[in-house]
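Asks: take a look and give me a structure for this.
(chains A and B)
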Number of protein chains: 2
Amino acid sequence: MRLPLLFFLLFLLVILPSFLYLNYSVIQTREEAITLIPEIDNNVVKGPVVMPQLKNSTIKAELGQSSWKLLHTMMARFPERPTQDEKEALRSFIYLFSRLYPCGECAAEFQAILAKHPPQVSSREAASQWACAVHNIVNQRLQKEIFDCGKIAEKYKCGC
Amino acid sequence: MRLPLLFFLLFLLVILPSFLYLNYSVIQTREEAITLIPEIDNNVVKGPVVMPQLKNSTIKAELGQSSWKLLHTMMARFPERPTQDEKEALRSFIYLFSRLYPCGECAAEFQAILAKHPPQVSSREAASQWACAVHNIVNQRLQKEIFDCGKIAEKYKCGC
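Replies: Predicted coordinates:
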């Protein structure tokens, strides 16, 4: 009957503490891993609009012009065959753009459009055509001229 | 001497299996948590420049002007007291911007500046002053006029 007692003591003094310690370290490492990865998670990327209303229509128009220029040029120069990482970068950028665009009501409209027309990031052509289509949805609401998306590559040359 | 044996058997048949099972479930849940979070991780946010060189200096200058306008207006309208989520959104946006800015050599310069001057996102004031300082680093290299950062709030009104 000594053997069980010995096992029990061995368990109590050596195995259980080591096991608990090891287990604790694993959890610690995992928690570090979780906090190290993001900073950024999907909730951040796809969260709500951050910015307040922008009532000044002059600033609003100028800002729109600047931003479309940036966006269309970005698409025109996006890789023809992007890697998975490059696709994710562009997709996340577009969603974050829809949160942080400095005109709150415009950002809300952009988010509503994104919900129906998620970013196309599989290639330069797909991204350019997506941005053109989305721009035309806004143009239509503003009763502006609809742009011919067949000519988008001409207008925003990639220059590569 | 029966008591230790009883404990030992109890441990072997009930406590140890439950403990191992619980521990396994915790690790499972954590792994799910890790895979559920992104799509996007820090490698995507902080990856290398995606875009090719942009040699056309006219397009480069126009693009620069448009983008600084967007960036400064964004900072001027960023919440005075942002939430953690809003801070992370802006930080990630800035890093993704430095990957996807459609002039590769400009993006590389921006990434080098970011390495020395990480984005300040704790408040509207901090973000605005950071963007002004970073813009001035570029202005200095281009031998352009240095902007008085004390006047940045006047120039890019938040309009809120």
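Asks: helix, strand, or coil at the most centrally placed residue in chain A?
Replies: Chain A has residue A:92 as the residue nearest its centroid, 1.8 Å off, counting by C-alpha atoms, centre = their mean. Here residue A:92 is helix, with the state taken from DSSP: H, G, I helix; E, B strand; the rest coil.
Asks: likewise for residue A:81?
Replies: coil.
Asks: just read off the phi/psi values of it.
Replies: Dihedral angles of residue A:81 (phi, psi; degrees, to the nearest 10) stand at phi -120, psi 80.
Asks: any idea of the pLDDT on the spatially closest residue to it that is not a sequence neighbour?
Replies: Distance criterion C-beta to C-beta, 6 or more residues apart in numbering or on different chains; nearest residue to residue A:81, sequence neighbours excluded, is residue A:123 at 6.5 Å. From N, CA and C alone the C-beta is placed, and that goes for glycine too. Model confidence at residue A:123, given as pLDDT, is 97.
Asks: list the contacts for residue A:123?
Replies: If a contact means C-beta atoms under 8 Å, 6 or more residues apart in numbering or on different chains, then residue A:123 has A:78, A:79, A:80, A:81, A:82 as its contacts.
Asks: ok, now with 7 Å
Replies: A:80, A:81, A:82 (C-beta atoms under 7 Å, 6 or more residues apart in numbering or on different chains).
Asks: give me the number of residues near the first one?
Replies: Which is residue A:80. Neighbourhood size, residue A:80 [other C-beta atoms under 10 Å in any protein chain shown]: 9.
Asks: list the contacts of the nearest residue to it once chain neighbours are set aside.
Replies: Leaving aside its chain neighbours, residue A:80 sits nearest to residue A:124 (4.8 Å; criterion: C-beta to C-beta, 6+ apart). Applying C-beta under 7 Å, 6+ apart, we find residue A:124 in contact with A:75, A:78, A:79, A:80.
Asks: thought the residue nearest to the centre of chain A was touching residue B:96?
Replies: Yes: the pair residue A:92 and residue B:96 qualifies as a contact (C-beta atoms under 7 Å) at a distance of 6.0 Å.
Asks: now do the shared contacts for those two.
Replies: Here residue A:92 and residue B:96 have no joint contacts, going by C-beta under 7 Å, 6+ apart.
Asks: now chain A, which segments are flagged as low pLDDT?
Replies: A:1, A:10-12, A:15-41, A:158-160 (pLDDT under 70).
Asks: can you give me the helices in it?
Replies: For chain A, the helices defined by DSSP state H cover A:2-10, A:16-36, A:42-45, A:57-76, A:84-100, A:104-116, A:124-141, A:152-155.
Asks: related to what we said a few turns ago, which one of the contacts of residue A:123 is nearest residue A:48?
Replies: For the contacts of residue A:123, the closest approach to residue A:48 (C-beta to C-beta) belongs to residue A:82, at 27.8 Å.
Asks: OK, contacts around the closest residue to residue A:157 other than its chain neighbours?
Replies: Nearest residue to residue A:157, sequence neighbours excluded (C-beta to C-beta, 6+ apart): residue A:76, at 6.5 Å. By C-beta under 7 Å, 6+ apart, residue A:76 lies in contact with A:128, A:153, A:156, A:157, A:158.
Asks: most neighbours out of the contacts of residue A:124, which is it?
Replies: residue A:75 (28 neighbours).
Asks: touching, it and residue A:127? I think so.
Replies: Yes: in this structure, residue A:75 is within contact of residue A:127 by C-beta under 7 Å, at 4.3 Å.
Asks: could you chop chain A up by domain?
Replies: Using automatic domain parsing, the domain parsing of chain A gives A:1-37, A:42-155.
Asks: most neighbours per residue, which of the ones you listed?
Replies: domain A:42-155 (a mean of 18; mean count of other C-beta atoms under 10 Å in any protein chain shown).
Asks: ok, residue A:103 - contacts?
Replies: Going by C-beta under 7 Å, 6+ apart, residue A:103 touches A:51, A:54, A:60, A:63.
Asks: for residue A:51, see how far away it is.
Replies: According to C-beta to C-beta, to the nearest Å, residue A:103 stands 7 Å off from residue A:51.
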